[in-house]
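> Sequence and predicted structure are below.
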Amino acid sequence: MDYQLQVVTLSVSDVDRALAFYTEKAGFDLDVDYHPTGAFRVVQLTPPGSGCSVQIGTGLTDAPAGTARSTYLAVTDLEAAHRELTERGVRMSDIRHKAPIDDWKGNWEPGLHPQRRDYASVADFADPDGNTWILQEIGYR
């Protein structure tokens, strides 16, 4: 039996502002913007190349806006992704890597991991409500 993660729901305070951030700055694709009534709206967005989407909207969740933390996006080239998002206007953290990687206890050093090891290098950003995202390099060759 396969269990495929299809959608993660994020709570936002202003759907249009979040929609603009995710499409114009983060580069997500708009899949659906359905609002049959003033009390219900679902906007589904998909990060480039992802099999999982995010939903924002009205009437989807009772979670407070901005409470999603550390949703991971895997990228094969963290430097390129960091540059692309920064150029699009996303405020990104600096790239950092786990140190030491083989006995990691929560310490970070600046920059990419010297050998570009999988899961070792990250950078993060937040949407306008404070939902946070972590870019993690996996599969760099």
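Cool, got the structure. Only a predicted model underlies this, so the values are computations on that prediction, with no experimental measurement involved. Numbers count the residues shown, from 1 in each chain.
> who's in contact with the nearest residue to residue 45 once chain neighbours are set aside?
Excluding its sequence neighbours, the residue lying closest to residue 45 (C-beta to C-beta, 6 or more residues apart in numbering) is residue 28, at 4.0 Å. C-beta: built from backbone N, CA, C; applies to glycine. Residue 28 makes contact with 22, 45-48, 54, according to C-beta atoms under 8 Å, 6 or more residues apart in numbering.
> Starting from residue 51, give me the distance back to residue 28.
14 Å (C-beta to C-beta, to the nearest Å).
> Equivalent analysis for residue 63, please.
23 Å.
> What of residue 125?
21 Å.
> And the two? Which one has more around it.
Legend: neighbour count by other C-beta atoms under 10 Å for residue 125 and residue 51, higher for residue 125 (19 against 9).
> For beta bridges, what are the partners of that one?
Bridge pairing for residue 125 (DSSP bridges) gives the partners residue 92, residue 133.
> right, and it touches residue 86 too?
No: checked against C-beta atoms under 8 Å, the pair residue 125 and residue 86 is beyond contact range at 9.2 Å.
> Neighbouring strands - and their directions - for the longest strand along the chain?
In the chain, taking DSSP state E as the definition, the longest strand is strand 29-37. The sheet places strand 29-37 alongside strand 40-46 (antiparallel), with pairing taken from DSSP bridges.
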